[in-house]
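> predicted model and sequence below, questions to follow.
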Amino acid sequence: MIDIYSDPMGAAESAALALKNMTGKLAHDVALVMGSGWVSAAEALGTPTHEFSVTDLPGFPAPTVAGHGGLIRSYDIAGSNGVIRALVFLGRTHLYEGKGIEPVVHGVRTAVKTGCKTIILTNACGGINANFKVGQPVIIKDHISLTGVSPLTGATFVDLTDLYSARIRKLIKNEDSTLEEGVYVHWRGPTYETPAEIRMMRAIGADLVGMSTVPEAIAAHALGAEVVGISLVTNAAAGMTGEKLNHEEVMAAGKAAADRMGTLLSKLIHKL
């Protein structure tokens, strides 16, 4: 087995080969990473042809966060131009778990190595923009990283101007014109932000804050995939309402919006 830390790309290729052998599919077209509370949204995609634990593939650690199922599903979805093969990750690894950056981006790298040209990233987030309400999905149009951690090393200079694909963002808004766009801040966690930190984020132009997505987006984009991100506002950020934050609230809000999000993702896949 190729070590994920000594040879990240080799590890992704090894996992992709294992995935091809397990599903019998030479390639997948699109991958979805389902964040906290988003797992049930995958049900709208229909019945998967295959489902297995992430730990069945090389380089994937077992999940440690509530709401992240640790499963991978493969779907054959009938599209207007033939069958769309979708790879769905029910959960992800986060920086705050202390495993380093490589496990965080191993899933999207594996997906690209299986042939995925599009990566759809979802997450649960705190709402900084006072106009965003709990239960509201927001399309990510840009991000601010406050972690200081990149999945890229060495003299790897990658332009991020169109990191979050303008083409796919337009497709999503064509499906649901009520959706708004926002700037997402990547916060390492596992602590939630302080009210003072939220005021700082608002001052630098942030609308949303969460603990995932950004490293995966950069890693997938660097490999040539088209990336889109959708955040679900599951709580108001610290200091916005005076209420304390908790993970149970995040999970409950995510489940409440699951049907709408599942329908949206299913329609989006057909448009790709």
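Looks like it came in fine. Numbers count the residues shown, from 1 in each chain.
> the nearest residue to Glu13 once chain neighbours are set aside and Gly210, how far apart?
Leaving aside its sequence neighbours, Glu13 sits nearest to Lys113 (CB to CB, 6 or more residues apart in numbering; 5.2 Å). C-beta: built from backbone N, CA, C; applies to glycine. From Lys113 across to Gly210, the span is 26 Å (CB to CB, to the nearest Å).
> okay, and for the protein, where does confidence drop off?
1, 65-69, 237-256 (pLDDT under 70).
> show me where it has its strands.
Applying DSSP state E to the chain gives strands spanning 30-34, 50-53, 71-79, 82-90, 118-127, 137-145, 180-186, 208-210, 226-236.
> can you tell me the strand partners of the shortest one and which way each runs?
To tie it back to what came earlier, the one meant is strand 208-210. strand 118-127 (antiparallel), strand 180-186 (parallel) (DSSP bridges).
> in the last one, what counts as buried?
Within strand 180-186, the residues that qualify as buried by neighbour count (16 or more other CB atoms under 10 Å) are 182-186.
> which of these lies closest to Ile119?
Nearest to Ile119, judged by CB to CB, of these is Tyr184 at 15.2 Å.
> re the thing from before, quick one: closest of the strands paired with strand 208-210 to Tyr96.
strand 180-186 (11.2 Å).
> outside of that closest one, which residues touch it?
Taking contacts as CB atoms under 8 Å, 6 or more residues apart in numbering, the residues outside strand 180-186 that touch it are 125, 128-129, 131-132, 136, 138-147, 169, 201, 205-215, 229, 231.
> which among the residues you listed count as buried?
By 16+ other CB under 10 Å, these give 125, 128-129, 132, 136, 138-147, 169, 201, 206-215, 229, 231 as buried.
> and Trp38, how far from Thr23?
22 Å.
> higher neighbour count, the two?
Trp38 (26 against 20; other CB atoms under 10 Å).
> which residues touch that one?
If you count contacts by CB under 8 Å, 6+ apart, Trp38 has them with 122-124, 232, 254, 258, 261.
> show me the two of those that sit farthest apart.
Asn123 and Ala258 (13.9 Å).
> residue contacts, the spatially most central residue of the chain?
The chain has Leu121 as the residue nearest its centroid, 2.7 Å off, counting by CA atoms, centre = their mean. By CB under 8 Å, 6+ apart, the contact list for Leu121 reads 32-33, 35, 108, 140, 212-213, 216-217, 227-230.
> closest to Ile4 among those residues?
The shortest gap between Ile4 and any of the contacts of Leu121 belongs to Val108, at 13.3 Å (CB to CB).
> thought that closest one was touching Ile218?
No - contact criterion CB atoms under 8 Å: Val108 and Ile218 do not qualify, at 9.4 Å.
> looking at these two, which is more packed in?
Neighbours were tallied for Val108 and for Ile218 using other CB under 10 Å; the higher tally belongs to Val108 (29 against 22).
> if I look at the more buried one, how far off is Ser212?
From Val108 to Ser212 the distance is 11 Å (CB to CB).
> this structure: helices as residue ranges?
8-23, 101-113, 166-175, 195-203, 214-222, 247-256, 258-271 (DSSP state H).
> quick one on the thing from earlier: would you list the strands paired with strand 208-210 in TSV and tack on distance to Leu71?
TSV is the format used below for the strands paired with strand 208-210 (distance: least, CB to CB, whole Å):
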stretch	distance to Leu71
strand 118-127	15
strand 180-186	25
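> for Lys267, which of the ones you listed is the nearest?
strand 118-127 (12.1 Å).
> that closest one vs strand 82-90, what angle?
Calculated by axes from the mean of the first three to the mean of the last three CA atoms, to 10 degrees, strand 118-127 forms an angle of 40 degrees with strand 82-90.
> in strand 118-127, what's buried?
Residues of strand 118-127 classed as buried: 118-127 (neighbour count, 16+ other CB under 10 Å).
> try stretch 10-23
The neighbour-count check on stretch 10-23 (16+ other CB under 10 Å) flags 10-16, 18-20, 23 as buried.
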